[in-house]
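Q: Need coordinates for the following:
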Amino acid sequence: MHLALTDGDNIWVPASPVCYTASMTDSDIARRDAPQPDIVEARHTLSVRDVELMFAQAGVQRSHRHVLRLCQSGMLDAVKIPGASGVEWYVAPASVPKAIGDLKQIDAQRARRSETQPAASDHVVPEIVNQTDLDAAGHGASQPAATRKIRMK
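A: Prediction:
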């Protein structure tokens, strides 16, 4: 049997019918089924405290609040899941190494930037001193000089 397709003006007939000769396995049948819902709890197994410890062990220690902000911003693959003490953030373990690398890079950039900027206490402000000179052409009264001298400390 041939299947004919038409768009109104033209008719297409396949050269030969399509036939599958291989038998389907269980994995093929599973792939044909509707996609399984993602079980969030299965992927997001780390608590915020666990992530804090992993960051500290990697040398990029961050506060509890900072880790929460990383969850909210999307830097960590995290979801809110109802827990024993209310809704809590849980993180996918696969997202932590990338976040550690990003945080190390941020720390290195911060260190380079602070090396190139002088400390605020190293800044020297010149002291301006007014010097009073007597003007010989004047009537004997002292007059301030027309120029100021700057003395560096």
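
Q: ends of stretch 72-90, how far apart?
A: Across stretch 72-90, the terminal residues are separated by 11 Å (CA to CA, to the nearest Å).

Q: same thing with stretch 74-91?
A: Span of stretch 74-91 from end to end, CA to CA: 10 Å.

Q: buried residues in that stretch?
A: 76-78, 88-91 (16 or more other CB atoms under 10 Å). Yep, even glycine has a C-beta here, placed from its N, CA and C like the rest.

Q: What lies in contact with that stretch?
A: 40-41, 43-48, 50-51, 67-68, 70-71, 92, 94-96, 99, 102 (CB atoms under 8 Å, 6 or more residues apart in numbering).

Q: hang on, isn't residue 43 packed against residue 92?
A: Yes - assessed by CB atoms under 8 Å, residue 43 is found in contact with residue 92 at 4.9 Å.

Q: on that earlier part again, which of the buried residues of stretch 74-91 fall in strands?
A: Secondary structure defined by DSSP state E assigns 78, 88-91 of the buried residues of stretch 74-91 to strands.

Q: Which one of those residues is nearest to residue 55?
A: Using CB to CB, residue 91 comes nearest to residue 55 of those, at 11.0 Å.

Q: what's the pLDDT at that closest one?
A: The pLDDT attached to residue 91 in the predicted structure is 96.

Q: and it, bridged to which residues?
A: Under DSSP bridges, the beta-bridge partners of residue 91 are residue 46, residue 78.

Q: What's the separation between it and residue 116?
A: Residue 91 sits 35 Å away from residue 116, going by CB to CB, to the nearest Å.

Q: Quick check, pLDDT for residue 124.
A: pLDDT, residue 124: 61.

Q: swap in residue 116?
A: 74.

Q: what's the neighbour count on it?
A: Residue 116 sits with 6 neighbouring residues when counted by other CB atoms under 10 Å.

Q: How about residue 104, nearest residue that isn't a chain neighbour?
A: Nearest in space to residue 104, with sequence neighbours left out and distances taken as CB to CB, 6 or more residues apart in numbering, is residue 60 at 5.7 Å.

Q: Pull the number of nearby residues for the one you found.
A: 17.

Q: isn't it right up against residue 101?
A: No - counting by CB under 8 Å, residue 60 stays clear of residue 101, with 9.1 Å between them.
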